[in-house]
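Undergrad: All I have is the shape, not the residue letters:
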Ligand SMILES: *Cc1c(COP(=O)(O)O)cnc(C)c1O
């Protein structure tokens with residue numbers, strides 16, 4: 001129990017900032033199954049991955065041993081610009097809900113890119129530069145990742161090509177301009193600049209694109225260009241590792257006041273922000289040192305954890321990436337046009353998937369209009385206009401706090417507020433106009449996605 005009065009914002013000094021990331025895999029008794037090379041059906045080796053990813057990131061990706069992985073000074077120099085991020089005691093939200101619960105949120109939207117993604121963008125751009133590469137490529141869905149990577153590429157002096165999901169590029173022209181302002185090149189996807197893009201355009205003429213499809217284009221560009229690698233904004237273990245700064249900062253800040261969360265909540269797209277937020281607490285949980293409840297929140301329109309299958313699948317829709325064992329809706333699943341662009345991904349981080357499979361994580365899915373109801377409530381009482389993705393976590397936190405009220409039970413809730421909603425005003429307009437709808441895929445819709453899961457030896461237990 002807290003002994004001191006807890007301030008509205010809990011600050012950390014530069015000295016208190018984490019100097020190493022936290023690798024939760026060092027505490028997992030069951031590691032997630034390895035990535036598999038689709039051509040050989042054998043586990044991916046570092047040399048399978050090296051045409052696509054930077055060497056240092058591959059090393060981190062495959063590291064299951066070291067709990068602490070030092071953050072290089074060159075990355076700390078950049079983190080200093082936007083970290084620590086605020087940790088806030090949501091006194092006004094508690095008051096509004098009239099709940100006995102204590103609610104805290106960690107706000108990652110206080111940088112120009114507007115989300116947590118800059119934590120990994122900084123690291124990946126730094127390592128690309130250190131390796132002597134000239135350029136990097138990536139995809140962006142809602143635009144946050146592309147913006148984050150544009151900022152990081154500019155800071156470290158790298159050329160960047162961003163394949164931006166076409167519907168987002170059209171809906172968010174200002175997002176695109178921020179990316180260009182930082183010097184990166186934006187290509188709406190699917191495009192005719194890659195084999196993968198041309199194929200998707202033939203199969204789905206007029207499609208607004210998807211994250212999976214943009215990933216395929218960026219990977220193809222990386223492996224067919226000199227001195228270029230691909231960087232991914234979520235899903236992979238090294239991205240979760242970089243995002244562990246979120247959880248580490250929370251733990252240091254809360255420990256100053258003797259606060260330990262009972263429940264930690266995060267939205268899950270590819271799973272990196274949630275994985276990073278919970279990392280140090282999950283490590284302790286796996287060692288039997290706490291009994292924290294971890295809740296991942298996903299959109300009902302793209303329910304990979306709550307309705308997906310735990311199988312090997314491609315990470316992209318053109319089936320050119322390695323196979324990952326994860327909860328997936330099928331790499332060919334096309335989610336409906338939901339506003340939570342950053343959560344529209346068919347798969348899920350293998351780490352989060354394994355922890356969910358082993359019963360350490362609970363998952364809930366929420367519908368879009370309920371999410372915006374919570375977003376507006378939060379904007380009014382806490383003063384921050386949340387990103388639609390982040391509002392999924394708000395919704396779940398509010399529901400938990402209301403449950404505490406109904407049961408007259410005290411509880412400490414921590415949730416990740418991943419970003420700002422400044423670039424999502426078209427979504428807010430729809431909500432304010434009363435024209436927002438909820439689309440939940442039917443079982444038949446999901447079956448169509450499941451049919452695109454590869455019918456390969458590893459999925460028949462023949463690895
Ligand atoms: C990308 C994004 C997400 C999804 O994050 P994951 O780490 O992939 O789960 C959530 N919120 C915001 C604001 C984002 O930009």
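TA: Arrived safely. Computed from a prediction, not measured in an experiment: that's the story for all the values here. Residues are numbered from 1 along each chain as shown.
Undergrad: quick check, the helix or strand hosting residue 397 touching the ligand?
TA: Using DSSP states H and E, residue 397 sits in helix 388-406. Yes - counting by CB under 6 Å from any ligand atom, the ligand has neighbours in helix 388-406: 389, 390. Using the backbone N, CA and C atoms, a C-beta is placed for each residue, glycine as well.
Undergrad: quick one: buried residues of that helix?
TA: If you call a residue buried by 16 or more other CB atoms under 10 Å, then helix 388-406 has these buried ones: 388-401, 404.
Undergrad: model confidence over that helix, on average?
TA: For helix 388-406, mean pLDDT is 98.
Undergrad: for it, packing partners?
TA: Applying 3 or more CB pairs under 8 Å, 6 or more residues apart in numbering; DSSP states H and E, one finds that helix 388-406 contacts helix 91-97, strand 102-107, strand 263-267, strand 293-299, strand 361-366, helix 368-382, strand 412-417.
Undergrad: distance between stretch 214-228 and the chain's centre?
TA: For stretch 214-228, the separation from the chain centroid amounts to 21 Å (computed by CA atoms, centre = their mean, to the nearest Å).
Undergrad: thinking again about what came up before, tilt between the helix holding residue 397 and strand 293-299?
TA: 130 degrees (axes from the mean of the first three to the mean of the last three CA atoms, to 10 degrees).
Undergrad: following the helix or strand hosting residue 432, which helix or strand shows up next?
TA: Using DSSP H and E, the element containing residue 432 is helix 425-433. Beyond helix 425-433 on the C-terminal side, the first helix or strand identified by DSSP H and E is helix 443-450.
Undergrad: and that next one, how far from the chain's centre?
TA: With CA atoms, centre = their mean as the basis, helix 443-450 stands 24 Å off its chain's centre.
Undergrad: Doesn't residue 160 lie inside a helix?
TA: No - assigned with DSSP: H, G, I helix; E, B strand; the rest coil, residue 160 falls outside any helix and is strand.
Undergrad: ok, it touching residue 138?
TA: Yes - with contacts counted by CB atoms under 8 Å, residue 160 reaches residue 138, the gap being 7.2 Å.
Undergrad: These two: which is more packed in?
TA: Legend: neighbour count by other CB atoms under 10 Å for residue 160 and residue 138, higher for residue 138 (29 against 26).
Undergrad: Am I right that the more buried one sits in a strand?
TA: Yes - under three-state DSSP, residue 138 falls within a strand.
Undergrad: Run through the bridge partners of it.
TA: Beta bridges link residue 138 to residue 162, judged by DSSP bridges.
Undergrad: Spit out the contact partners of residue 186.
TA: Neighbouring residues of residue 186 by CB atoms under 8 Å, 6 or more residues apart in numbering: 146, 162, 164, 169, 176, 179, 180.
Undergrad: Buried among those? Need that as a selection in ChimeraX.
TA: Those of the contacts of residue 186 that count as buried under 16+ other CB under 10 Å are selected in ChimeraX with:
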select :146,162,164,169,176,179
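Undergrad: and which of the contacts of residue 186 is nearest to residue 48?
TA: Closest approach between the contacts of residue 186 and residue 48, by CB to CB: residue 162, at 25.1 Å.
Undergrad: now, which of the contacts of residue 186 lie within strands?
TA: 162, 164 (DSSP state E).
Undergrad: Now go through the contacts of residue 186 and say which are in helices.
TA: Using DSSP state H, 146, 169, 176, 179, 180 are the members of the contacts of residue 186 that sit in helices.
Undergrad: residues contacting the third one?
TA: Each residue near residue 176 by CB under 8 Å, 6+ apart is listed here: 143, 164, 169, 186.
Undergrad: go with 7 Å
TA: Neighbour list for residue 176: 164, 169, 186 [criterion: CB atoms under 7 Å, 6 or more residues apart in numbering].
Undergrad: which one among those residues gets closest to residue 154?
TA: Residue 154 lies nearest to residue 186 out of the contacts of residue 176, by CB to CB, at 14.0 Å.
Undergrad: My assumption is that the closest one lies in a strand; please confirm.
TA: Yes - under three-state DSSP, residue 186 sits within a strand.
Undergrad: Across the sheet, point out what pairs with it.
TA: residue 162.
Undergrad: Quick check: the gap between it and residue 357.
TA: Using CB to CB, to the nearest Å, one gets 37 Å for the distance from residue 186 to residue 357.
Undergrad: cool, and residue 454?
TA: Residue 454 is 19 Å from residue 357, where distance means CB to CB.
Undergrad: now swap in residue 98 and tell me
TA: Distance, residue 98 to residue 357, using CB to CB: 37 Å.
Undergrad: and the helices and strands packed on helix 388-406 as CSV, adding mean neighbour count?
TA: Listed next are the helices and strands packed on helix 388-406 as CSV, based on neighbours: other CB atoms under 10 Å:
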stretch, mean neighbour count
helix 91-97, 17
strand 102-107, 24
strand 263-267, 29
strand 293-299, 25
strand 361-366, 21
helix 368-382, 20
strand 412-417, 27
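Undergrad: could you redo these as a markdown table and give each row mean pLDDT and distance to residue 437?
TA: Shown next, in a markdown table, are the helices and strands packed on helix 388-406 (pLDDT from 0 to 100; distance: least, CB to CB, whole Å):
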| stretch | mean pLDDT | distance to residue 437 |
| --- | --- | --- |
| helix 91-97 | 98 | 26 |
| strand 102-107 | 98 | 28 |
| strand 263-267 | 98 | 20 |
| strand 293-299 | 98 | 13 |
| strand 361-366 | 98 | 14 |
| helix 368-382 | 98 | 7 |
| strand 412-417 | 98 | 25 |
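Undergrad: okay, these in CSV with distance to the ligand next?
TA: Converted to CSV, the helices and strands packed on helix 388-406 look like this (distance: least, CB to the nearest ligand atom, whole Å):
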stretch, distance to the ligand
helix 91-97, 19
strand 102-107, 11
strand 263-267, 5
strand 293-299, 9
strand 361-366, 12
helix 368-382, 12
strand 412-417, 8
